[in-house]
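Undergrad: I'll drop the sequence and a predicted model, then ask my questions.
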Amino acid sequence: MVELKNQKAAVPIVLFAGLFWSLGPYVVRNIDAANTVPWQYLFTRGLVIFLLLNCFLYFEEGIKFYKNYLKVGLSGILGGLGLAIAMISFIWSITNTSAAITLLCLAAMPFITALLSFLFLKEKISLSVWLTIILAAVGIVIMAVGNKNTGSIIGLIFGLASALGFAIFSVSLRWKRQTPKFTTVSIAGLICAIISGFVIFNQDLNFLSSSKNQALFATHGSLVCIGLILYSIGSKHIPAAELTLLSLTEVIGGIFWVWLPWLGINEIPSNNTIIGGFLIFVSIFYYSLIVQNNKRFIGLN
């Protein structure tokens with residue numbers, strides 16, 4: 001793995017990782033009739049993630065990189081399934097509701113992770129963290145109340161399902177910290193491709209969409225991989241608390257790109273989405289202050 005000579009560069013590198021990830025919603029919004037080609041999107045994106053991450057592992061570790069797959073174990077398989085659920089739910093969420101709601105649901109992931117860790121790993125949750133979880137939940141309820149049409153509610157539900165999938169992935173890494181994380185993500189991409197390929201075949205659909213859409217599918221997969229690689233380089237030198245805040249660049253950036261009129265989408269969040277989102281931001285900021293004394297360093301490898 002690439003090591004930083006100047007550890008001060010870790011923060012901007014992780015910020016850039018979030019910036020790459022934040023471009024995902026804008027890419028999806030440029031897909032022609034995205035709600036009609038979700039399985040083609042998942043098939044291509046999953047394959048791109050699987051292939052690019054394996055190429056990266058090959059250049060980092062040589063031909064023996066395949067041995068990582070022998071180390072994944074049950075935790076890696078569960079983590080891959082969780083991440084695949086997150087990837088599948090993401091496209092169904094963002095094509096049924098605003099990018100802001102999808103991204104703000106994903107921002108609640110740290111709290112869902114804390115709850116799952118409490119239930120399955122017996123990790124204790126302090127009163128302060130319980131308060132942040134309740135505050136984030138209130139924010140999500142406000143967003144739901146403000147979006148009463150069926151499509152938006154479905155989008156919000158899938159957004160929460162995506163956050164749950166990411167949380168399962170995170171808990172799997174806490175359960176077995178030695179699990180090869182890039183390999184787990186690669187498995188998630190493969191699972192996505194297999195599931196979507198099966199659906200496409202079973203429903204007698206075309207595996208490929210238009211050339212424009214295929215390019216956008218592959219672009220989103222590439223953005224995910226580039227962000228992961230940058231994140232892996234920088235995250236080992238940043239305490240977990242700071243990473244929680246830095247990860248907000250994905251949410252803020254994602255909402256900004258689809259709102260910016262110059263880029264042609266001009267998707268303006270509703271008042272309830274802004275209020276609910278503000279409560280989620282406050283809860284995450286407070287959560288980061290709570291764990292400020294936690295100087296554990298985490299990173300993908």
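TA: Received, thanks.
Undergrad: element containing Val134?
TA: No, residue 134 isn't Val; it's Ile. Per DSSP states H and E: Ile134 is located in helix 127-145.
Undergrad: Give the buried residues for that helix.
TA: 129, 132-133, 135-136, 139-140, 142-144 (16 or more other Cβ atoms under 10 Å). (C-beta placed from N, C-alpha, C; glycine too.)
Undergrad: Same list, those, but as a markdown table with pLDDT and distance to Thr97 please.
TA: Shown next, in a markdown table, are the buried residues of helix 127-145 (pLDDT from 0 to 100; distance: Cβ to Cβ, whole Å):
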| residue | pLDDT | distance to Thr97 |
| --- | --- | --- |
| Val129 | 79 | 28 |
| Thr132 | 84 | 24 |
| Ile133 | 84 | 22 |
| Leu135 | 88 | 22 |
| Ala136 | 87 | 18 |
| Gly139 | 87 | 15 |
| Ile140 | 86 | 12 |
| Ile142 | 87 | 14 |
| Met143 | 82 | 9 |
| Ala144 | 78 | 10 |
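Undergrad: Just name the closest of those to Ile229, please.
TA: Ala136 (29.2 Å; Cβ to Cβ).
Undergrad: The closest one and Leu289, how far apart?
TA: 15 Å (Cβ to Cβ, to the nearest Å).
Undergrad: Can you pull out the low-pLDDT segments for the protein?
TA: By pLDDT under 70, the weakly predicted segments of the chain are 1-8, 146-151, 235-247, 288, 291-301.
Undergrad: Tell me where it has helices.
TA: Using DSSP state H, the helices found in the chain span residues 10-29, 38-61, 73-94, 99-107, 109-120, 127-145, 150-175, 181-202, 211-235, 240-246, 248-259, 271-290.
Undergrad: and Glu123, backbone torsions?
TA: Glu123 has phi and psi values of phi -80, psi 130 when expressed as degrees, to the nearest 10.
Undergrad: ok now do it, which residues does it touch?
TA: 114, 117, 174 (Cβ atoms under 8 Å, 6 or more residues apart in numbering).
Undergrad: Equivalent analysis for Ala99, please.
TA: Contacts of Ala99 by Cβ under 8 Å, 6+ apart are 25-26, 28-29, 254-255, 258, 267.
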